[in-house]
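Student: Just to be clear, the model below is a prediction. Sequence and coordinates:
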Amino acid sequence: MSCREGLTPVTNYRSLALRSTARRTSAWGTLALVGALGLAACGSDANTPTTAGSSAAAASSGGSAAPAVDCPDGTLKAEGSSAQKNAIEAAITSFQTACTGATINYNPTGSGAGIKQFIAGQVDFAGSDSALKPEEATAAEATCTSPAWNLPMVTGPIAIAYNLPGVEKLVLTSDVAAKIFAGTITKWNDPAIAAANTGVNLPGDDIKVFFRSDESGTTDNFQKYLKAAAAPSWTLDAGKKWNGPVGEGKEKSAGVAGAVKAQKGGVTYVEWSYAQQNSLGVAWVDNGGGPVELTGDSVGKMIATAKQKGTGNDLALDLDYATKTPGAYPINLVTYEIVCSKYTDPATGAFVKAFLKKFASDGVQASLADLGYAPLPAEVEAKVTTAIDAIG
């Protein structure tokens, strides 16, 4: 089956302006992860792009010329994580500005849908906020005719976002957060919340929980956090489907963020960028090492505790959601671009390689901090780039 059959057109993000004034925080420079990265194979045999021999240079965040880009002509199709929507849009704009004959259509339908489309051979790569499960990896390998690998590209903090006018700072312990999302705590002035917020005038509004109704890697990572950091208050399993007993479901990151914005007393889990865009409050989180504000530095301190759980060229990461490291924000996700190490159509492989190399570049990664993401650490960025070079 072709990687392009049966797809309906999606938005072309050529018009998004790339923001590129951000700098990496020092915390990211301390992270060192073991293992080289690699990418795996996917069958794609129809409407494949034609690789042009020309190259183009794009401006970097500092105004100097960025490394030359190998510019293909044609179209790539990708689907998946809505958490990385704003980040990948910026990368697409940067790439298409340099390569005017290239079009990349990314459909942010959610991690679960992206993986399904990739396994079905309907897209050239997928975005997922969770690494492939063993059964998904087996199915993807059958489609690709060689292993499919997880390539970390975007780090997205997950905010506990709320709508409480007048409450500028809200601290939630992991246990209290679990009880809110489990429906055990139902009022914002509950004594358990008040105990962590001395001097804060908490309203007596009902707590209105919103969750992702679609399959989502954000849901998976948030439930992993609750189970790791808040047992026995949260005993439910993780997964891309919300398993909590209360709340109202909304589709995609924009859906839950918009619902909280419209509902006084609302609360959800959502990527930091969406909380910022909707001017929502973002809770400080206390895992036991003291309240931690969500910042680029605090995210970096948490990611510094991550270990590689994949082998060889598979850089699936094991995040320590229960960390009590002082100043480490514990609720994060990594968005992986799921690709093939060797595409059955060489032109498709060359196109994927060219785009991902731009996505992983220092200029694009640095710009992501302005959009509510954390850039790849330099060590990981170098390994990602080496792996991208190996795509066939």
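Tutor: In hand now; what should we look at?
Student: At which residues are the helices of the protein located?
Tutor: Taking DSSP state H, the helices of the chain run over residues 85-98, 111-119, 134-144, 174-181, 191-195, 217-229, 252-262, 272-277, 296-303, 346-359, 362-367, 378-389.
Student: In terms of secondary structure, what does the fifth one contact?
Tutor: For helix 191-195, the contact count by 3 or more Cβ pairs under 8 Å, 6 or more residues apart in numbering; DSSP states H and E identifies helix 174-181 as packing neighbours. Quick note: C-beta positions are derived from backbone N, CA and C, even for glycine.
Student: Report the distance from the helix it packs on to the chain centre.
Tutor: From the chain centre to the centre of helix 174-181 is a distance of 23 Å (Cα atoms, centre = their mean, to the nearest Å).
Student: Give me the contacts around that helix.
Tutor: With Cβ atoms under 8 Å, 6 or more residues apart in numbering as the test, helix 174-181 has contacts from 160, 172, 185, 192-193, 196, 207, 209, 211, 225-226, 229-230, 233-234, 244, 246-247, 267, 269, 283, 285-288, 322, 330.
Student: swap the cut-off to 7 Å and go again
Tutor: Contacts of helix 174-181 with the rest of the structure, by Cβ atoms under 7 Å, 6 or more residues apart in numbering, involve 160, 185, 192-193, 196, 207, 209, 226, 229-230, 233-234, 244, 267, 287.
Student: Looking at the residues you listed, which are in strands?
Tutor: I160, V209, V267 (DSSP state E).
Student: Just the closest of these to E337, please.
Tutor: I160 (26.7 Å; Cβ to Cβ).
Student: Hmm, W284 and that closest one touching each other?
Tutor: No - because the distance of 9.1 Å does not satisfy Cβ atoms under 7 Å, I160 is recorded as not touching W284.
Student: Pick out whichever of these two has more residues nearby.
Tutor: Neighbour tally, I160 and W284, criterion other Cβ atoms under 10 Å: the higher count belongs to I160, 24 against 19.
Student: nearest residue to that one other than its sequence neighbours?
Tutor: In space, not counting the residues next to it along the chain, I160 is nearest to A283; the distance is 4.2 Å by Cβ to Cβ, 6 or more residues apart in numbering.
Student: which residues does the one you found contact?
Tutor: When contacts are counted by Cβ under 7 Å, 6+ apart, A283 touches I160, Y162, L170, V171, L172.
Student: And it, how far from V69?
Tutor: Separation of A283 from V69 (Cβ to Cβ, to the nearest Å) stands at 40 Å.
Student: Kindly report the same for E215.
Tutor: 34 Å.
Student: now P134
Tutor: Here P134 is placed at a distance of 36 Å from V69 (Cβ to Cβ).
Student: of the two, who's got more company?
Tutor: Looking at P134 and V69 with other Cβ under 10 Å, you find the greater number of neighbours at V69, namely 22 against 7.
Student: Sounds good, over and out.
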